[in-house]
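**Student:** what would the 3D arrangement of this be:
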Amino acid sequence: MFTATLIAATLRDGDISAARDRLAAAGCAPGGSRWIDTGVAADIAFAVDPAAARRVLEGALPATDVIVQPRDGRRKALLIADMDSTMITVECIDELADYAGIKPQITAITAAAMRGELDFEAALDARVALLAGLDEAVIERCLAERVTIMPGAKALVGTMRANGGYAALVSGGFTRFADPVAADIGFDRAIANRLLVEGGTLTGMVAKPIVGADAKLATFRAAMAARGIDSSATLAVGDGANDLKMIAAAGLGVAYHAKPIVAAAAGARIDHGDLSVLLYAQGYARREWVD
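**Tutor:** Residues are numbered from 1 along each chain as shown. Presented below is the predicted three-dimensional model:
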């Protein structure tokens, strides 16, 4: 059996009925439905063809996210998450560039790398090189003034950890942001790139090896092995092309307000809601959230 979870700011009985009709027409053999939280999130059980279920449900209801997955094992024991534009609302390197007066130039490179049009490692080297000479103090200022935790992030991590889960933040960004962000949200561990600084200014270089797609996947696999967790019990979430490998390896791999290449490849996608959608996807009602 499978479950289609519908999540929206306002969800009606008629929306659930319409979704069941679509599942029936696609031959998915829908069964019963239930509210997780009335008016916000609901599950519909169905018997066959999850690919067809995604095809007929995603985009069918206004401003509604749909997560399709096996019914059993939906509560995950491992969370691997990207940081920039996933656990926080900004791309930190773009915000640093704003302080340096070169944001449009760096933002264009960031966007191309996240779309998969540029090699991530080379693109990071190129962007960091443009920050050479920037006062190190700007990092703390950027953290305080620009970095905002994504809605739902603390509840997602707090709830999963309270239920025995392990959470790791794996970022292609920088430790100077990832470490405090991970501590604030409540992650068990953070992995990110290290900006090199000399004499109180950025050198324009980042320590090697760079944390890119392969490092994210390796972190994911190492966390599974260390805890004896099967891939079916894992959740990975990100928005950029450098997240594709860990998203593809996870039991539930989620594209979060993602670039088209990621949204097309992921097993699930969030286009409308915040990270609390991933709590509803695991069957957690609001009364069970820990934040």
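
**Student:** counting contacts, what elements does the longest helix seen in the chain pack onto?
**Tutor:** Secondary structure of the chain per DSSP state H: the longest helix is helix 213-227. Helix 213-227 sits against strand 78-81, strand 166-174, strand 234-238, helix 244-249, with contacts defined as 3 or more C-beta pairs under 8 Å, 6 or more residues apart in numbering; DSSP states H and E. No exception for glycine: its C-beta is placed from N, CA and C like everyone else's.

**Student:** now tabulate those in CSV and tack on distance to Arg227.
**Tutor:** Below are those laid out as CSV (distance: least, C-beta to C-beta, whole Å):
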stretch, distance to Arg227
strand 78-81, 7
strand 166-174, 6
strand 234-238, 10
helix 244-249, 15
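
**Student:** how about the contacts made by Ala24?
**Tutor:** Contact analysis of Ala24 by C-beta atoms under 8 Å, 6 or more residues apart in numbering lists Pro30.

**Student:** ok, the one 3 residues further on next?
**Tutor:** The neighbourhood of Gly27, defined by C-beta under 8 Å, 6+ apart, consists of Val48, Asp49, Ala52.

**Student:** can you tell me which of the residues you listed are buried?
**Tutor:** Those of these that meet the buried threshold are Asp49, Ala52, by 16 or more other C-beta atoms under 10 Å.

**Student:** just the pLDDT for the residue of the chain most remote from its centre.
**Tutor:** Distance from the C-alpha centroid of the chain peaks at Gly199, with 35.6 Å (C-alpha atoms, centre = their mean). Confidence at Gly199, expressed as pLDDT, is 96.

**Student:** same deal with Asp119?
**Tutor:** We have a pLDDT of 89 for Asp119.

**Student:** for it, grab the count of nearby residues.
**Tutor:** 14 (other C-beta atoms under 10 Å).

**Student:** swap in the one 4 residues further on?
**Tutor:** Burial measure for Ala123: 21 neighbouring residues, criterion other C-beta under 10 Å.

**Student:** gap between the nearest residue to it once chain neighbours are set aside and Glu140?
**Tutor:** Distance criterion C-beta to C-beta, 6 or more residues apart in numbering; nearest residue to Ala123, sequence neighbours excluded, is Ala113 at 3.9 Å. According to C-beta to C-beta, to the nearest Å, Ala113 and Glu140 sit 25 Å apart.

**Student:** who has more neighbours, those two?
**Tutor:** Neighbours were counted for Ala113 and for Glu140 using other C-beta under 10 Å; Ala113 has more, 24 against 11.

**Student:** tell me the secondary structure of the more buried one, please.
**Tutor:** The three-state assignment at Ala113 reads helix, by DSSP: H, G, I helix; E, B strand; the rest coil.

**Student:** can you pull the contacts of it?
**Tutor:** Asp119, Phe120, Ala123, Leu124, Gly240, Ala241, Asn242.

**Student:** tell me where the stretch 1-150 of the chain has strands.
**Tutor:** Ranges of strands in the stretch 1-150 of the chain, per DSSP state E, counting those that start in this stretch, are 2-8, 30-37, 41-46, 64-70, 78-81.

**Student:** can I get these in TSV including mean neighbour count?
**Tutor:** Converted to TSV, the strands of the stretch 1-150 of the chain look like this (neighbours: other C-beta atoms under 10 Å):
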stretch	mean neighbour count
strand 2-8	23
strand 30-37	16
strand 41-46	23
strand 64-70	22
strand 78-81	26
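
**Student:** of all those, which one comes closest to Trp289?
**Tutor:** The closest of the strands of the stretch 1-150 of the chain to Trp289 is strand 30-37. By C-beta to C-beta, the value is 10.1 Å.

**Student:** so how far is that closest one from its chain's centroid?
**Tutor:** Relative to its parent chain, strand 30-37 has a centroid offset of 25 Å by C-alpha atoms, centre = their mean, to the nearest Å.

**Student:** what pairs with that strand, and is each one parallel or antiparallel?
**Tutor:** If you go by DSSP bridges, strand 30-37 pairs up with strand 41-46 (antiparallel).

**Student:** and the partner strand, average pLDDT?
**Tutor:** Averaging pLDDT along strand 41-46 yields 98.

**Student:** coming back round to it: so what does the residue farthest from the centre of the chain have for phi and psi?
**Tutor:** Per-residue torsions, Gly199: phi 60, psi 30 (degrees, to the nearest 10).

**Student:** re the thing from before, quick one: which of the contacts of Ala113 is the most crowded by neighbours?
**Tutor:** Within these, neighbour counts (other C-beta under 10 Å) peak at Asn242, which reaches 29 neighbours.
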